[in-house]
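Novice: Below: sequence and its predicted model.
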Amino acid sequence: MEPRLDVFISYAHIDNQPLLADTQGWVTVFHEALQQLLSRFKGSNALIWRDPKLAGNDVLWQEIEARIAEASALVTVLSPRYVSSPSCSEEIESFCRNAERTGGLVIDHSARVFKVIKTPVEGAQGLPPIVGDLLGYEFFRLDADKTPQELDPLFGEDAREEFLRKVNKVAWDIKRLLDQIRRA
């Protein structure tokens with residue numbers, strides 16, 4: 001199947017739980033910023049999809065598989081929960097299988113997988129090798145005492161600015177990959 005989605009976002013649902021009751025979750029904020037920035041870089045609406053997890057009894061895997069098969073790129077939002085999730089690992093493996101059938105997993109030295117590291121993770125042995133081979137985009141910083149702090153806009157103006165700069169970099173790199181895919 002030829003890719004029809006620009007990006008599929010793979011994440012653990014715990015990473016989208018809002019820090020405060022009246023706010024959006026981190027993945028939602030990331031998704032919306034990526035949507036806007038990638039659309040601007042492309043000059044047309046970016047097509048980005050993620051599993052919204054509507055209810056505990058949803059039969060979603062068939063829909064997820066279909067969306068993965070349509071995606072040109074995969075963004076993985078790594079966290080401790082993500083690396084321990086069999087479902088997240090299966091999403092990556094499914095994307096890799098489909099990418100090999102639709103132009104390859106790596107195009108002109110650029111992987112079609114983007115590793116967004118939301119929080120530091122130790123050991124990602126359960127994830128496919130492509131994830132370990134990528135440098136990734138760190139969306140956290142370490143405080144003076146080495147405590148990780150997520151780049152969440154709720155943590156103030158500096159965190160918001162750095163968060164947006166990093167999303168901008170991810171969006172630009174995805175746009176460049178989409179151009180490479182179109183030329184290939």
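Specialist: Thanks, I have the structure now.

Novice: May I have stretch 146-153 as CSV, with CA atoms only?
Specialist: What follows is stretch 146-153, C-alpha atoms only, in CSV (Å, rounded to 0.1, in the frame of the first residue of the first chain):
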residue,chain,number,x,y,z
LYS,A,146,20.4,15.2,37.6
THR,A,147,16.6,15.1,38.0
PRO,A,148,14.9,14.9,34.6
GLN,A,149,12.4,17.6,33.8
GLU,A,150,10.2,17.1,30.8
LEU,A,151,10.0,20.0,28.3
ASP,A,152,6.3,20.6,29.0
PRO,A,153,5.0,24.1,28.3
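
Novice: Paired strands for the longest strand anywhere in the chain, with orientation please.
Specialist: Among the elements of type strand in the chain, defined by DSSP state E, the one spanning the most residues is strand 71-78. Strand 71-78 has the following sheet partners, assigned by DSSP bridges: strand 5-10 (parallel), strand 113-117 (parallel).

Novice: Any buried residues in the lowest-mean-pLDDT helix or strand in the chain, and which?
Specialist: Least confident helix or strand, the chain: helix 129-133 with a mean of 80, by mean pLDDT, DSSP states H and E. By neighbour count, with 16 or more other C-beta atoms under 10 Å as the criterion, the buried positions of helix 129-133 are 130-131. For glycine as for every other residue, the C-beta is placed from the backbone atoms N, C-alpha and C.

Novice: so is residue 135 in a helix, a strand, or just coil?
Specialist: Using DSSP: H, G, I helix; E, B strand; the rest coil, the secondary structure recorded for residue 135 is coil.

Novice: mind listing the strands for this structure?
Specialist: 5-10, 48-50, 71-78, 106-107, 110-111, 113-117, 137-138, 140-142, 148-150.

Novice: How about residues contacting the fifth one?
Specialist: When you say that, I think you mean strand 110-111. Contact with strand 110-111 is made by 105, 130, 133-134, 173, 176-177, 180, as judged by C-beta atoms under 8 Å, 6 or more residues apart in numbering.
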